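Peer 1: Pasted the sequence and its predicted model underneath.
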Amino acid sequence: MANRAPAKRDVIQGTLDLMVLQTLESMGPQHGYAIAARLAQTSGGALQLNMGTLYPALMRLEQRGLLRGAWSVTDNNRRARLYSLTSAGRRQLAHDREAWDHMSSIMQRVLGQE
Amino acid sequence: MRGLLEFVRRLAGSVRRSRSDADLEEELRLHLEFSNERRTGVSAVTQAMDKLRDQRGLPWLDALRADVVFGWRQIVRHRIASVAAVLSLGLAMGAALAAFRLVDAVLMRPLPVADPSRLFVVTRTSLSVDQTFEDRDDFDFPTYRRYVERAREHADVMLLGMAVRRNVVVDGGQPERAVQQFVSGNVFSGLGLQPELGRLLDESDDDVPDRHAVVVLSHDFWRRRFGSDPTVVGRTIRLGSRPYAIVGVVKRGFTGTEPGIVTDFFVPSMMNAEALTANGWSWFRIWLRPKSGVAPGQAQAALQAGFDVDQRERARAFAPDTPKARIDAFFKEQLQLRTAASGASGTQKTFRQPLWILAALAALLVLMACANVANLLLARAAMRKVEMTLRLSIGAARGRIVQLLLVESCLLALIAAAVGVIFASWAAPFVVSMLAPPEQPVRVILDVDWRTLLTATTLTMAVTMLFGLAPAVRGAAAPLIDALKEVRGQRAHRRLTDALIAAQTTVCVFLLFGAGLFLGTFDRLQQRPLGFDPRDLVQIVVDGRRALSGAEWEQLTKDLEQVPRVTSASVAGWSPLSGNRWRSSVTVAGGPIQQNAPNWVAIAPGYLATMKMRLVEGRDFRSGDVPPHGDKTTPPAPGVGIVNQAFARAYFAGNSPVGQRVTVDSSTAALEIVGMVADAVYFNVREENQPAVYIPFESRPGGTLVVRTESSGPDVRQTLRQEVARLAPGMEIRDVAPFEAMVTQQMIRERLLAALSAFFATL
């Protein structure tokens, strides 16, 4: 009898999706840990994703057809599940980036006036 | 769009796991390996796995599946209680479904024609004896002609004959019974019907009296009788002595316009030639479809205006001393339009009330069964307290427990619904066959369609809520209350149980009361004196091609009396209980005003003796007696008549009417009363005894022979049929029926309702 999952959709979710897509766009196919490590690194350690946040997000993006996941072998010969962008994922990324840029420029202008 | 895709994948993930748990765990384990992290360990993996599982499928669906599996196990575990619940619910739901199918088929289902909501049937409303409004929807042809003219600008006026069974000869074989409807040429186009084969009738098939010997077959008759023969167009069938060419077959689904009777073939109205000029010979309904953009009210107003003119015209013929009250009542008559979206039939009229009562009974039965099962579940919930407490204590949400219990109820209801559907598929035709006499089978189209399925589904949901919700909420709430305050919880539980038992008892009492009421009605009808003796009495309805003179009829009955086992025979216009009625008003000089005209019927000498109707005073008719005559064209001529006691009470204050004279209003002819008989039923067994006038039987083509025999078994009826065919060749024998069966038939409604409600009450 699993209890209903807490369906709180926090603000981070949308941005997390965008960050994951962007990471894969710039780095090519990666496994989950590499994505988390990369995000931690680029954010200067501000973003520490735990497994319970990262993997459900990857699964969700996969279910939406934005990512494709497959078992493979890494450069240094270790088994891992690699995620790559689909063409739909690329389109989504472009769209979301634009939306984000637009939004943040508005925010900047609004906040700058204060 | 992406959201939809995610939903579909998650749905698939719930049904068939896209990635196994092991696969997910492997990925997480490798993540930990990469990170070289030791401390996070097991609990982080477990937490992440929970979230992944939720994301993989649809959590509520997974939960639902678990509930269904668990619920099914519960049902199987409590086998006996479950079977009891399913049976009582299933039977009740079956009864409700059967009732719905009947109500739907007879009263509600729209005709399969174009835009049925804009079809209307013309009715004439008048005040009847007991001051209630009475609707009549049968008309004669001259009236129809006038209405067509008057409504021409507002509506298409159509003629749809009463569906009647008559003899048909196919391929020179034995005559067989089939249902005929006369139609005017504009009916098929007016209803927007298409042919399956050949063509349908149009105006050119219906313009010259007696000239259009063509028929259109119904799809059902074509399939049943002609084996769906594609070459049927051009073949002929014989009606009476005349061959009729089959010109087409109407598309499947259209079975005539009278729910309760399935029409087999359609004949142009012009073929009922002798009825075309007859005033007062009512043989069809008038349908109309307002022209587009015209409100039905406009068509009605046009018809009403004309009707008022007709009424004034008729009133002019009244005797100058006609009481004002009668004239007032006469002018209160109105023409109305009744919706004909579901057709118009006598079956609807007769069974409207009983069918709704049946449906109400079935609904009550469902309520009772629900209360029953709810009680059962409550008892079980009490037993499952431990289980519920455990669930709550490990953190199950209360909503989830309600869901679990409702799923169990829903499973029960679904199984019960399946039982119900099977029961209903058997019960509905059974009830139909109970309602219908073998001579006049009612055929109802009982196709299972989306309406039935929708009802079944709605019923199932409603029933689940009805019997499942209370125990479910109680089940989810009870454990903690009980755990905290044992006493209060029990009291609350008791209160609900008491309420359910009270509801059950109320419904039971109601059903018993209803059963008693119906039994009482039935008993009263059964005890009612008919005024004649139906035992070993047979009626033979005949119809000839030419009019037989009074003497010829007398000869025919004399010949019939020579047949072995026949004790006496006579003839009348129609027999009691035949559902025929002829009313005509009379005036007694200085007598009281009567709201309603008496019933009339023509009878031959010996009729009263054959029927064993008691002659109270005076004499029977004898050869040479004539009825009063006269109409607009011929001058009035006096005649004789016999009246009943109700007539004497109404017109002569109970004094002897024998030897008195009364005036027939329609012809102003005098009628001399030569005898008085005891009251007898006329129209049907339910109707109170009304004033009646019997007049001598004269020259006419058809009538009803009444034959008193030593027994009225099938063999005697067979002999009689053969003898009539031999004695009166060319005469069409429409019906041979024992009177006892006719009387029983008249009470079938009451008997059925009484039996059913008694049956329900015992349940």
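Peer 2: Noted; the coordinates are in hand.
Peer 1: So what's the residue count around residue B:503?
Peer 2: As a burial measure, residue B:503 scores 17 neighbours (other C-beta atoms under 10 Å in any protein chain shown). Bear in mind the C-beta positions are built from the backbone N, C-alpha and C, glycine included.
Peer 1: try residue B:110
Peer 2: 13.
Peer 1: where's the nearest residue in space to it that is not next to it in sequence relative to chain A, distance?
Peer 2: Spatially, and ignoring its direct neighbours in sequence, residue B:110 is nearest to residue B:116 (4.3 Å; C-beta to C-beta, 6 or more residues apart in numbering or on different chains). As for residue B:116, its distance to chain A is 48 Å (criterion: C-beta to the nearest C-beta, to the nearest Å).
Peer 1: repeat for residue B:18
Peer 2: Counting by C-beta to the nearest C-beta, the gap from residue B:18 to chain A is 9 Å.
Peer 1: A strand includes that residue, no?
Peer 2: No. With DSSP: H, G, I helix; E, B strand; the rest coil as the criterion, residue B:18 is assigned coil and is not in a strand.
Peer 1: element containing the nearest residue to it once chain neighbours are set aside, please.
Peer 2: Distance criterion C-beta to C-beta, 6+ apart; nearest residue to residue B:18, sequence neighbours excluded, is residue B:12 at 6.4 Å. For residue B:12, the element it lies in under DSSP states H and E is helix B:2-15.
Peer 1: Alpha carbons of that helix, as CSV, please.
Peer 2: Taking C-alpha atoms only, helix B:2-15 is exported to CSV below (Å, rounded to 0.1, in the frame of the first residue of the first chain):
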residue,chain,number,x,y,z
ARG,B,2,4.6,16.1,-23.8
GLY,B,3,2.5,15.7,-20.7
LEU,B,4,0.2,13.3,-22.5
LEU,B,5,3.2,11.3,-23.7
GLU,B,6,4.5,11.0,-20.2
PHE,B,7,1.0,10.0,-19.0
VAL,B,8,0.8,7.2,-21.6
ARG,B,9,4.3,5.9,-20.8
ARG,B,10,3.5,6.0,-17.1
LEU,B,11,0.2,4.2,-17.8
ALA,B,12,2.2,1.6,-19.7
GLY,B,13,4.7,1.6,-16.8
SER,B,14,1.9,0.7,-14.4
VAL,B,15,0.5,-2.0,-16.6
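Peer 1: Spatially, which residue comes closest to residue B:241, not counting chain neighbours?
Peer 2: Per C-beta to C-beta, 6+ apart, closest to residue B:241 is residue B:545, 6.6 Å.
Peer 1: Double-check that the one you found belongs to a strand.
Peer 2: Yes. Membership of residue B:545 in a strand is supported by three-state DSSP.
Peer 1: Name the surrounding residues that touch the helix holding residue B:12.
Peer 2: A:60, A:63-66, A:88, A:92, B:18-19, B:55-58, B:61-62, B:65 (C-beta atoms under 8 Å, 6 or more residues apart in numbering or on different chains).
Peer 1: The residue nearest to residue B:18: how many residues sit nearby?
Peer 2: 15.
Peer 1: cool, residue B:558 as well?
Peer 2: 13.
Peer 1: dump the residue contacts of it.
Peer 2: Residue B:558 neighbours (C-beta under 8 Å, 6+ apart): residue B:569.
Peer 1: separation between it and residue B:705?
Peer 2: 12 Å (C-beta to C-beta, to the nearest Å).
Peer 1: shared neighbours, those two?
Peer 2: Residues touching both residue B:558 and residue B:705 (C-beta under 8 Å, 6+ apart) are residue B:569.
Peer 1: partners of the strand or helix carrying residue B:675 in the sheet?
Peer 2: Per DSSP H and E: residue B:675 is located in strand B:670-677. Next to strand B:670-677 in the sheet, as set by DSSP bridges, lie strand B:615-618 (antiparallel), strand B:639-644 (parallel), strand B:661-664 (antiparallel).
Peer 1: Comparing these, which comes out most buried?
Peer 2: strand B:639-644 (a mean of 25; mean count of other C-beta atoms under 10 Å in any protein chain shown).
Peer 1: Run through the neighbouring helices and strands of the helix or strand just after that one.
Peer 2: Using DSSP H and E, the helix or strand that follows strand B:639-644 towards the C-terminus is helix B:645-652. Counting contacts by 3 or more C-beta pairs under 8 Å, 6 or more residues apart in numbering or on different chains; DSSP states H and E, helix B:645-652 packs against strand B:670-677, strand B:692-696.
Peer 1: could those go into JSON lines alongside mean neighbour count, distance to residue A:111 and mean pLDDT?
Peer 2: Formatted as JSON lines, the helices and strands packed on helix B:645-652 follow (neighbours: other C-beta atoms under 10 Å in any protein chain shown; distance: least, C-beta to C-beta, whole Å; pLDDT from 0 to 100):
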{"stretch": "strand B:670-677", "mean neighbour count": "20", "distance to residue A:111": "108", "mean pLDDT": "94"}
{"stretch": "strand B:692-696", "mean neighbour count": "24", "distance to residue A:111": "101", "mean pLDDT": "94"}
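Peer 1: Residue B:551: which of those strands is closest?
Peer 2: strand B:692-696 (12.2 Å; C-beta to C-beta).
Peer 1: Okay, now the sheet partners of the next helix or strand after the closest one, with direction.
Peer 2: Downstream of strand B:692-696, the next assigned helix or strand under DSSP H and E is strand B:700-709. For strand B:700-709, the paired strands and their directions (DSSP bridges) read strand B:537-548 (antiparallel), strand B:566-572 (antiparallel).
Peer 1: need the least confident one among those, by mean pLDDT.
Peer 2: With a mean of 85, strand B:537-548 has the lowest mean pLDDT of those.
Peer 1: packing partners for the top helix by length along chain A?
Peer 2: When chain A is parsed with DSSP state H, its longest helix is helix A:87-113. Contacts defined by 3+ C-beta pairs under 8 Å, 6+ apart place helix A:87-113 against helix A:12-27.
Peer 1: Now do the helix it packs on against helix A:87-113, angle only.
Peer 2: For helix A:12-27 against helix A:87-113, the angle by axes from the mean of the first three to the mean of the last three C-alpha atoms, to 10 degrees is 120 degrees.
Peer 1: Give me the contacts around helix A:12-27.
Peer 2: In contact with helix A:12-27 (C-beta under 8 Å, 6+ apart) are residues A:30, A:34-35, A:38-39, A:47, A:49, A:53, A:57-58, A:60-61, A:66-67, A:83-85, A:89-90, A:92-93, A:96-97, A:100.
Peer 1: about what we covered before: widest-spaced pair of the contacts of helix B:2-15?
Peer 2: Most distant of the contacts of helix B:2-15, by C-beta to C-beta, are A:92 and B:65, 31.8 Å apart.
Peer 1: more crowded one of the two?
Peer 2: residue A:92 (21 against 15).
Peer 1: ok, back up a step: contacts (any at all) between chain A and the next helix or strand after the helix holding residue B:12?
Peer 2: Using DSSP H and E, the helix or strand that follows helix B:2-15 towards the C-terminus is helix B:21-35. Yes. For helix B:21-35, a contact with chain A is found by C-beta under 8 Å from any C-beta of the partner chain, at B:24, B:27, B:28, B:30, B:31, B:33, B:34, B:35.
Peer 1: What separation do you get for the fourth one and residue B:201?
Peer 2: Remark: distance between residue B:30 and residue B:201 (C-beta to C-beta) = 82 Å.
Peer 1: Looking at the two, which is more packed in?
Peer 2: The residue with more neighbours, out of residue B:30 and residue B:201, is residue B:201; 26 against 18, by other C-beta under 10 Å.
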